[in-house]
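Colleague: I would like to see how this sequence folds:
(chains A and B)
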Amino acid sequence: MNNKDLQNSKIIFNIIAYFILIIAVTMCAIPFLMVLSGSFSSNPAIVKYGYSIFPRSFSLDGYRMIFLYPEEIGRAYSVSTTVAVSGTLAGLLLMTMAGYALQKKELKYANAIAFFIYFTTLFNCGLVPWYMMISSLGMKDTLWALIVPMIGNSFYILLTRNFMRQLPESLTESAKIDGAGEFFIFIKIVIPLSSPIIATVGLFLALAYWNDWYHASLFIKDTSLWPLQYKLYKILSAQMAMSQAGAENFSNSVIPTEALKLANAVIATGPIIILYPFLQKYFIQGITIGAVKG
Amino acid sequence: MPVETANTVKISKTNAVLSFFLELAKNRVLYLMVLPAIAFFVIFAYIPLTGIYYAFTNYNYADGLFGSPFVGFRNFKYFFNGGFQSPVWLLTKNTVLYNLVFIFLGNALQCLMAILLTEISGKLFKRVSQSVLLLPYFVSYVIVGTIAYNIFNVEFGSLNTLMKSLGLDVVNVYATPHIWPGILVMFNMWKGVGYGSVIYLAAISGLDREMYEAAKIDGCNVFKEIRYITLPLLKPTFIMLVLFSLGGIMRGQFELFYQLVGRNGQLFPFTDIIDTYIYRSLTINFNIGLSTAAGLYQSVLGLGIVLAVNNIIRRINKENALF
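Modeller: Here you go, the predicted model:
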């Protein structure tokens, strides 16, 4: 009888749990489906029937517009890719070097430096002085403004340090005895052993770069240097401003950009969604490392 | 006892300087390796601290930082003026209240999802739902704004399409300020629950299995397990995560608010937070002095709160404290 009760309560639990989870999953999935379906809808259908989960009338118009002028989207893509790749590599280099050095016991000022880095998370100068600094460095309207401000992150540096602390000292000690230099040890021994943390920080950094629109909004006026997300934002905000100004005025004219806008959104997020199944494992691993050791 | 003469003082000072350089020389490769990080923060965090001076000027681009007229606390006066209508009160109220809801509701939902995902039967459903729940974390806030627009748009938004099909009146969400706290909380949850649940899942997987075995032998069902074992054991984690988040309560979710609300002024009383105010003061109004003053307020208050929260954390569990 005891067993039957256990089974029954498990079934009830499963019913409740499935119910809640299915609602949550649906709420997470539907917005994406709508964006996807809208991008493949014909514009008149959107205007007439609104967005829906399945396109009411299938059309490639949205994408056609984009690929009619491929330079536009191509340029934004290349900006985003360049920034993401070089930023992630530069950032990883800076952060792994710092993390490795800071966990070395023989470094007298390691704790002082670590606090120096950490303090920036407690108190910062604010938007304006930071903006002025970047301007005065002449980085405005260049790719540097998109790359450099994000290559240092105190949380990731200290996370890397904590991770590397766990590596057995015997490895580096024996290499030292054999006469290897610090940097050599770093490259040949420590880096390969640190691949979990490098994967984690690298992925999060790349994601941050790819999704970044903020730096472009502050520093880039040259449209040929607009990254993907910012370009999408510009398209969207122009439309929102129009519709807020007076929706009634526009309801009779066909706004030809609904499907175009959604197609842009799909293209902007596409790489992430496509890579997501492959990278999910590493992200979850990374979040766990961060939570436990951070 | 050796007497401190002028000479011995000089010698010990020289010693200090010498040992500094000796240390640098001894471990020069290591110090070189940490140099880029140090340089980064010096350039982007410490030198800009001098820019706090902007808060005390009536800055104009022609005169630059030190040429602009010094106006003392005028910018702060403006920011603090007006009692309950003052920018400082409205913004702080919004920032803090939103963050409180984000933190408490967020952690509660993340914990709930983690527990459900752990105990549910059906491996495939578990994996698929975790993947889908985590998905919103990876899209940019621009996409979030796009999605919101898709839903709330007066013309073709799904909400109004639904209203029309039910024979109800169309709602202009972007002109209805008082529902926006709900909207912003919902989107924040949507974006973050998947991510946060991973942390709680990690915590749950670290719990001692033996307790659950023993409970099962005693005839404990799932609900009792959750109520008497899982939840109490998760309480410390929950409290820690909440406390850490509370330390950052003065920092709002800028991207979320800015992408959803944008420059829609009529929503500001319900949706404007310190960060969006500062951003607009800089980029739209070009009011450098006011923007810096607000930022200084945010940083100082933020520091105070972090120190206070850290004190609390230290009383509870010394190791988890930040310092």
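
Colleague: Find the residue at the geometric middle of chain A.
Modeller: Taking C-alpha atoms, centre = their mean, the centroid of chain A lies closest to A:Leu207, which sits 2.4 Å from it.

Colleague: Could you tell me how many residues sit around A:Glu173?
Modeller: A:Glu173: 11 surrounding residues under other C-beta atoms under 10 Å in any protein chain shown. Glycine gets a C-beta too; all of them are placed from N, C-alpha and C.

Colleague: Okay, now the unreliable bits of the chain?
Modeller: Chain wasn't specified; assuming chain A. Scanning chain A for pLDDT under 70 picks out A:1, A:239-256, A:292-294.

Colleague: not what I meant, chain B
Modeller: For chain B, the stretches with pLDDT under 70 are B:1-4, B:319-323.

Colleague: does B:Thr249 belong to a helix or a strand, and which?
Modeller: To be clear, residue B:249 is Ile; Thr isn't right here. Using DSSP states H and E, B:Ile249 falls within no helix or strand.

Colleague: ok, it touching B:Asn99?
Modeller: Yes - using C-beta atoms under 8 Å, B:Ile249 is in contact with B:Asn99, at 4.7 Å.

Colleague: wait, what's in contact with residue 62?
Modeller: Here I'm looking at chain A. A:Gly62 makes contact with A:38-41, A:43, A:258-264 under the criterion C-beta atoms under 8 Å, 6 or more residues apart in numbering or on different chains.

Colleague: Give the buried subset of the residues you listed as a PyMOL selection command.
Modeller: To isolate the buried ones among the contacts of A:Gly62 in PyMOL, judged by 16 or more other C-beta atoms under 10 Å in any protein chain shown, type:
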select buried, chain A and resi 38+39+40+41+43+258+259+260+261+262+263+264
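
Colleague: Just put the contacts of A:Gly62 in TSV and tack on distance to B:Tyr31.
Modeller: Converted to TSV, the contacts of A:Gly62 look like this (distance: C-beta to C-beta, whole Å):
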residue	distance to B:Tyr31
A:Gly38	55
A:Ser39	52
A:Phe40	56
A:Ser41	59
A:Asn43	61
A:Glu258	57
A:Ala259	56
A:Leu260	53
A:Lys261	51
A:Leu262	52
A:Ala263	51
A:Asn264	47
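
Colleague: hang on, the earlier thing: right, and the residue nearest to the centre of chain A touches B:Val139 too?
Modeller: No - taking contacts as C-beta under 8 Å, A:Leu207 lies outside contact range of B:Val139: 9.9 Å.

Colleague: tell me, what's touching the two both at once?
Modeller: Both A:Leu207 and B:Val139 are in contact with A:Ile272, where contact means C-beta under 8 Å, 6+ apart.

Colleague: Which parts of the stretch 151-294 of chain A are helices?
Modeller: Taking DSSP state H, counting those that start in this stretch as the test, the helices found in the stretch 151-294 of chain A are A:154-165, A:169-177, A:182-185, A:191-193, A:195-211, A:214-219, A:228-245, A:247-250, A:258-293.

Colleague: Just give the nearest non-adjacent residue to the residue nearest to the centre of chain A, would you?
Modeller: When the adjacent residues along the chain are set aside, A:Leu207 lies closest to B:Phe138, with 6.4 Å between them (C-beta to C-beta, 6 or more residues apart in numbering or on different chains).

Colleague: Residue 136: neighbour count?
Modeller: Assuming you mean chain A. Neighbour number of A:Ser136 under other C-beta under 10 Å is 13.

Colleague: other chain: chain B
Modeller: 23.

Colleague: And what about the residue lying closest to A:Asn2 once chain neighbours are set aside, helix, strand or coil?
Modeller: Distances taken as C-beta to C-beta, 6+ apart put B:Gly219 closest to A:Asn2, at 4.9 Å, once the chain neighbours are dropped. Following DSSP: H, G, I helix; E, B strand; the rest coil, B:Gly219 is assigned to coil.

Colleague: Any figure for the gap between B:Gly219 and A:Asn3?
Modeller: 9 Å (C-beta to C-beta, to the nearest Å).

Colleague: Look at the two and report which has more neighbours.
Modeller: Set B:Gly219 next to A:Asn3 and count neighbours by other C-beta under 10 Å: B:Gly219 wins out with 12 against 8.

Colleague: residue ranges of the helices in the stretch 1-150 of chain B, please?
Modeller: Using DSSP H, counting those that start in this stretch, the helices of the stretch 1-150 of chain B run over B:6-26, B:28-41, B:64-67, B:74-80, B:87-119, B:123-134, B:141-152.

Colleague: Redo the ones you listed as CSV? Include mean neighbour count.
Modeller: Putting the helices of the stretch 1-150 of chain B into CSV (neighbours: other C-beta atoms under 10 Å in any protein chain shown) gives the following:
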stretch, mean neighbour count
helix B:6-26, 11
helix B:28-41, 18
helix B:64-67, 11
helix B:74-80, 18
helix B:87-119, 19
helix B:123-134, 16
helix B:141-152, 24
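
Colleague: Could you export these as a markdown table, including distance to B:Gly167?
Modeller: Converted to a markdown table, the helices of the stretch 1-150 of chain B look like this (distance: least, C-beta to C-beta, whole Å):
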| stretch | distance to B:Gly167 |
| --- | --- |
| helix B:6-26 | 77 |
| helix B:28-41 | 60 |
| helix B:64-67 | 61 |
| helix B:74-80 | 48 |
| helix B:87-119 | 33 |
| helix B:123-134 | 33 |
| helix B:141-152 | 20 |
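
Colleague: Looking at those, spot the one closest to A:Ile197.
Modeller: Using C-beta to C-beta as the measure, helix B:28-41 is the one of the helices of the stretch 1-150 of chain B that comes nearest A:Ile197, at 15.5 Å.

Colleague: what's the spacing between B:Leu301 and chain A?
Modeller: Using C-beta to the nearest C-beta, to the nearest Å, B:Leu301 is found at 11 Å from chain A.

Colleague: Leaving out sequence neighbours, find the closest residue to that residue.
Modeller: Of all residues not flanking B:Leu301 in the chain, B:Met250 sits nearest, at 5.4 Å (C-beta to C-beta, 6+ apart).

Colleague: Surely that neighbour touches B:Val309?
Modeller: No - contact status for B:Met250 versus B:Val309: not in contact, 11.3 Å apart, counting by C-beta under 8 Å.

Colleague: Quick check: the residue of the stretch 201-323 of chain B nearest chain A.
Modeller: B:Gly295 (2.6 Å; C-beta to the nearest C-beta).

Colleague: that's a strand at that residue, yeah?
Modeller: No - per three-state DSSP, B:Gly295 lies outside any strand segment and is helix.

Colleague: Would you mind listing the residues in contact with it?
Modeller: Going by C-beta under 8 Å, 6+ apart, B:Gly295 touches A:125-128, B:55, B:278.

Colleague: that older thread, dump the contacts of A:Gly62 into TSV; add distance to chain B as well.
Modeller: Converted to TSV, those look like this (distance: C-beta to the nearest C-beta, whole Å):
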residue	distance to chain B
A:Gly38	7
A:Ser39	11
A:Phe40	14
A:Ser41	10
A:Asn43	10
A:Glu258	7
A:Ala259	11
A:Leu260	12
A:Lys261	7
A:Leu262	7
A:Ala263	11
A:Asn264	9
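
Colleague: List the residues that contact B:Leu135.
Modeller: Contact analysis of B:Leu135 by C-beta under 8 Å, 6+ apart lists A:28-29, A:32, A:273, A:276, B:194.

Colleague: Show me the two of the residues you listed that sit farthest apart.
Modeller: The span of the contacts of B:Leu135, defined through C-beta to C-beta, is set by A:Ile273 and B:Gly194 at 14.2 Å.

Colleague: More neighbours: which of the two?
Modeller: With neighbours defined as other C-beta under 10 Å, A:Ile273 and B:Gly194 compare such that B:Gly194 has more, 24 against 14.
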